[in-house]
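**Student:** Fold the stuff below for me.
(2 chains)
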Amino acid sequence: MAFKKRLVASILVKDGIAVQSFGYNEYLPLGNPVILAENLDRWGVDEIVILSIDSTKKGIDPDLHLLSEISKRVNTPIAYGGGIKNLKNVLDVIHSGADRIIIDQLYFQNPSQIKMVSESIGSQAVILSMPCSISNGKISHYNYISKKSEVVDFHSLPFMKEYIASEFLLIDHLHEGKPNSFSEEMVKYFPNEISLICFGGISNSQQVERLFQNQNVVGVCIGNFLNYKEHYFQNIKLELSSSLLRNPVFESY
Amino acid sequence: MDYEVGNHASVKACLDKLGFIVQITSDVSEIKVCDLLIMPGVGAFPVAIQSLAKKNLNNFLKEWVLDGRPLFGICLGMQLFANSSTEIAFHEGLGFIQGNVTQLSNHNDFHIGWNQLSIREANSFLSEFDGLDFYFNHSFAYDNNSDVSLASTKYVREFPSIVKHGQVIGVQFHPEKSQNVGKEFFSKIVKELVNGF
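**Tutor:** Sure, this is the predicted structure:
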């Protein structure tokens, strides 16, 4: 297979520091996000997701300085989320080196803005972030500002049909940080034509492979678990079929 | 060229690392003294073509190409070289490389991720990149036209991933985001274009 699925690495940034997040409420510092991004670049990750997790909460703009510093040092595709409130923020983020933007709150608060954004930068550059959980056979969307969950039918939401975004970042927010715990059944609550990147509690190659068996899962994102073992990222790729993903990179550049 | 759409910062950072002297500008007097003009691109076709027209850069680009000076387009930058695009609505392109840009399929397929190049000529200087993975991020592409295509890639349909006419070259993928392979490609193509390709 010529076209590859993506093994994506995430960097969560809080107060300017990369952190491990556990269930959206506990955090451990990891260090300088720029250094982490350089390592991920050397390891040959397929894409780097940078989420500035406190920008929207604090009402501050995207961290363009950080993004700019990272983009100067890496040659890996970057998707950035956090603090994006309007078209100006979007253009600033793209001009600072991101290839794609991740939008979380805006599509519920102001859906018309999203359409404007996708017409400006192209919907291939727009990812919608969906922190979700499953309870009693129903999927709920979690609003991390209000800290409330609401049952959602993703088949009936109007913006699902308008292709204002190319992919959805499906986050299992309850299991984030817990090994091998991503609720795989969440995938079935999304229409088949919606491309998903799964994130939260994904820690081993067997789970990655099971998720990739879903045609609409185009990427799997790993964050916390990259920090526990040597060559973690490369080894997951080695354990998976070489036709599914790009080959791992072990060299330093 | 800064035409207000595009990821100039990433392209400049990559070329800086490779040792080239790079300037981001929309000032014609500054562009004129450059050896190579690059048009990066992240954005939608209508916004980009309108932005070029608004700054009168479309006419400058036509003069540049008529003079036989080298021009390199990346992703949307490449698509602008076509005769037209149907992204959002029909719009005329710059018409530097024959062909029309159309959707990959009628099902809103997005080609996002890593995919291989199939180089058409075995003895091309590009042949070392045959079968290697590059990063793509698009849902529109040139129609298949073997006359202008140096390489093709398959996703939903086969489409030209490198197009050339004279000293104008466009690539649908992002060399600046394709890690070590991308850097090697970028370095090679810049040198080839500057020295006459």
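**Student:** Contacts only, for B:Lys12.
**Tutor:** B:22, B:24 (Cβ atoms under 8 Å, 6 or more residues apart in numbering or on different chains). The C-beta positions use only the backbone N, C-alpha and C, and glycine is treated the same way.
**Student:** And it, which helix or strand is it part of?
**Tutor:** helix B:8-17 (DSSP states H and E).
**Student:** Mind giving me the packing neighbours of the longest strand along chain B?
**Tutor:** Counting by DSSP state E, the longest strand found in chain B is strand B:157-165. Contact partners of strand B:157-165 among helices and strands, from 3 or more Cβ pairs under 8 Å, 6 or more residues apart in numbering or on different chains; DSSP states H and E: strand B:140-142, strand B:149-155, strand B:168-171.
**Student:** and the last one, what does it pack onto?
**Tutor:** Under the contact criterion of 3+ Cβ pairs under 8 Å, 6+ apart, the helices and strands touching strand B:168-171 comprise strand B:71-74, helix B:76-79, strand B:157-165, helix B:179-195.
**Student:** could you show me where the strands are in the stretch 1-150 of chain A, in order?
**Tutor:** A:6-14, A:17-22, A:26-31, A:47-52, A:78-81, A:100-103, A:126-135, A:138-143, A:148-151 (DSSP state E, counting those that start in this stretch).
**Student:** mean confidence for the fifth one?
**Tutor:** What strand A:78-81 shows for mean pLDDT is 96.
**Student:** Partner strands of that strand and their direction?
**Tutor:** strand A:47-52 (parallel), strand A:100-103 (parallel) (DSSP bridges).
**Student:** Could you list the buried residues of the last one?
**Tutor:** It refers to strand A:100-103. By neighbour count with 16 or more other Cβ atoms under 10 Å in any protein chain shown, strand A:100-103 contains the buried residues A:100-103.
**Student:** now, which of these sits nearest chain B?
**Tutor:** Of all the buried residues of strand A:100-103, A:Arg100 has the smallest distance to chain B: 7.1 Å, by Cβ to the nearest Cβ.
**Student:** For that closest one, list each beta-bridge partner.
**Tutor:** With DSSP bridges as the rule, A:Arg100 is bridged to A:Ala79.
**Student:** Just the buried residues of the helix holding B:Lys12, please?
**Tutor:** B:8-15, B:17.
**Student:** what's the angle from it to helix B:179-195?
**Tutor:** 80 degrees (axes from the mean of the first three to the mean of the last three Cα atoms, to 10 degrees).
**Student:** Output the strands paired with strand A:78-81 as TSV; include the columns mean pLDDT.
**Tutor:** Below are these laid out as TSV (pLDDT from 0 to 100):
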stretch	mean pLDDT
strand A:47-52	96
strand A:100-103	94
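**Student:** Show me the one of these that comes nearest B:Ser84.
**Tutor:** strand A:100-103 (25.9 Å; Cβ to Cβ).
**Student:** Export that closest one to PDB, keeping only CA atoms.
**Tutor:** Presented in PDB, the C-alpha positions along strand A:100-103 are these (Å, rounded to 0.1, in the frame of the first residue of the first chain):
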ATOM      1  CA  ARG A 100      -2.900  22.500  10.100                       C
ATOM      2  CA  ILE A 101      -5.000  24.000  12.900                       C
ATOM      3  CA  ILE A 102      -7.000  22.100  15.600                       C
ATOM      4  CA  ILE A 103     -10.200  23.800  16.600                       C
END
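**Student:** What lies in contact with it?
**Tutor:** Against strand A:100-103 from outside (Cβ under 8 Å, 6+ apart): A:49, A:51, A:77-82, A:84, A:90, A:93-94, A:114, A:117, A:121, A:124-129, A:165-166, A:169, B:137.
**Student:** could you redo the last one with a cut-off of 7 Å?
**Tutor:** A:49, A:51, A:79-81, A:84, A:90, A:93, A:114, A:125-129, A:169 (Cβ atoms under 7 Å, 6 or more residues apart in numbering or on different chains).
**Student:** With stretch B:154-170 instead?
**Tutor:** A:2-3, B:65, B:68-73, B:77-78, B:81, B:96-97, B:99, B:104-105, B:109, B:111, B:115, B:117, B:141-142, B:144-145, B:148-153, B:171-173, B:189, B:193, B:197.
**Student:** likewise stretch B:60-76?
**Tutor:** Residues contacting stretch B:60-76 (Cβ under 7 Å, 6+ apart): B:5, B:11, B:28, B:36-43, B:45, B:48, B:80-81, B:94, B:96, B:137-138, B:166-172, B:174, B:189, B:193-194.
**Student:** for stretch A:152-165, same thing?
**Tutor:** For stretch A:152-165, with Cβ under 7 Å, 6+ apart as the criterion, the contacting residues are A:107, A:111, A:114-115, A:118, A:123, A:126-128, A:139-141, A:189-191, A:194, B:108.
**Student:** now do stretch A:84-98
**Tutor:** Counting by Cβ under 7 Å, 6+ apart, residues outside stretch A:84-98 touching it are A:61-62, A:64, A:67-68, A:70-71, A:78-80, A:83, A:101, A:103, A:106, A:113, A:116-117, A:120-121, B:7-10, B:42.
**Student:** Of the residues you listed, grab the buried ones for PyMOL.
**Tutor:** Restricted to buried positions by 16+ other Cβ under 10 Å, the PyMOL selection for the contacts of stretch A:84-98 reads:
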select buried, (chain A and resi 61+62+64+67+68+70+71+78+79+80+83+101+103+106+113+117+120+121) or (chain B and resi 7+8+9+10+42)
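**Student:** got the residues of the stretch 151-253 of chain A near chain B?
**Tutor:** A:163, A:166-167, A:193, A:195, A:218, A:246, A:253 (Cβ under 7 Å from any Cβ of the partner chain).
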